[in-house]
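J.: Curious how this folds, go ahead:
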Amino acid sequence: MSTKQKRENVAGQRLRLSKTRLDDLVEEALVDAYGESEQVTGFYTMMENDLRLPFETEILGMTVNVEGIDITEDDQLVAVCRKDKTKQRISLSELRLPSPLPKGAEWIVAYRCWRTGKISMSTRVRKRVPARSDQRGTGLRRDVQEAIDHRSCLVGWHRRDVSWSG
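T.: Alright, predicted model coming up:
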């Protein structure tokens, strides 16, 4: 069996998304999310909104119904699967996607890529750039200072008009 066939047997049907589309999905899920817990919650929310549930898939040769998505205590997303009266939670990283794909399956693919690090770090980790002192000694980066100066002109006051002494 070829490597490609092995991969498809493990992951089920593959949803092909461009890197740009994946980056866009990840960015949408991670808006205002800081820390891994909030980021996982962002993906969970997108799946809750967009993933059509329930859907059928195969696990170890058995047909099961995926009834929901859940977050584990260690911040992993899992599919809540049912076979007759038995429920089992399966990692979304291991869940085989069915054919045809359910609406919203692109969120599962985006989550997998984000979780495994296949998405650029600039999307995964948001770095805050501190405002540093510039050569003018204002204590602010030049772009921050220019924004303040521009805002000052718009509201009609200037720094020289403000006295900080009491």
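J.: Going along the chain, name the strands of the protein.
T.: 55-59, 62-71, 77-83, 86-91 (DSSP state E).
J.: Pick the most buried one from those.
T.: A comparison of the strands of the chain by mean neighbour count, using mean count of other CB atoms under 10 Å, puts strand 77-83 on top with a mean of 19. C-beta here means a position set from N, CA and C on the backbone, and glycine is covered the same way.
J.: what's the angle between that one and strand 55-59?
T.: Strand 77-83 and strand 55-59 are oriented at 90 degrees to each other (axes from the mean of the first three to the mean of the last three CA atoms, to 10 degrees).
J.: Direction included, what does strand 77-83 pair up with?
T.: According to DSSP bridges, the neighbouring strands of strand 77-83, each with its direction, are strand 62-71 (antiparallel), strand 86-91 (antiparallel).
J.: pLDDT weak spots in the protein?
T.: In the predicted model of the chain, residues 1-15, 119-166 satisfy pLDDT under 70.
J.: Just the helices from it, written as ranges.
T.: 3-11, 19-29, 36-50, 106-116, 121-124, 142-155 (DSSP state H).
J.: partners of Ile69 in the sheet?
T.: Residues in a beta bridge with Ile69, per DSSP bridges, are Ala79.
J.: Determine which of the strands paired with strand 77-83 approaches Glu28 most closely.
T.: With CB to CB as the measure, strand 62-71 is the member of the strands paired with strand 77-83 nearest Glu28 (16.6 Å).
J.: Distance check, Leu101 against Thr116.
T.: 20 Å (CB to CB, to the nearest Å).
J.: If you count surrounding residues, which of these two has more?
T.: Taking Leu101 and Thr116 together and counting by other CB atoms under 10 Å, Leu101 has the greater number of neighbours (17 against 9).
J.: what's the neighbour count on Lys103?
T.: Should you count by other CB under 10 Å, Lys103 turns out to have 11 residues around it.
J.: Repeat that for Pro54.
T.: 14.
J.: so who does it touch?
T.: Asn65, Val66, Glu67, Gly68 (CB atoms under 8 Å, 6 or more residues apart in numbering).
J.: Save these as a markdown table, and put in distance to Gln88 too.
T.: Rendered in a markdown table, the data for these read as follows (distance: CB to CB, whole Å):
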| residue | distance to Gln88 |
| --- | --- |
| Asn65 | 11 |
| Val66 | 10 |
| Glu67 | 11 |
| Gly68 | 12 |
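J.: still on that earlier bit, nearest to Leu30, out of the strands of the chain?
T.: Relative to Leu30, the nearest member of the strands of the chain by CB to CB is strand 77-83, separated by 13.8 Å.
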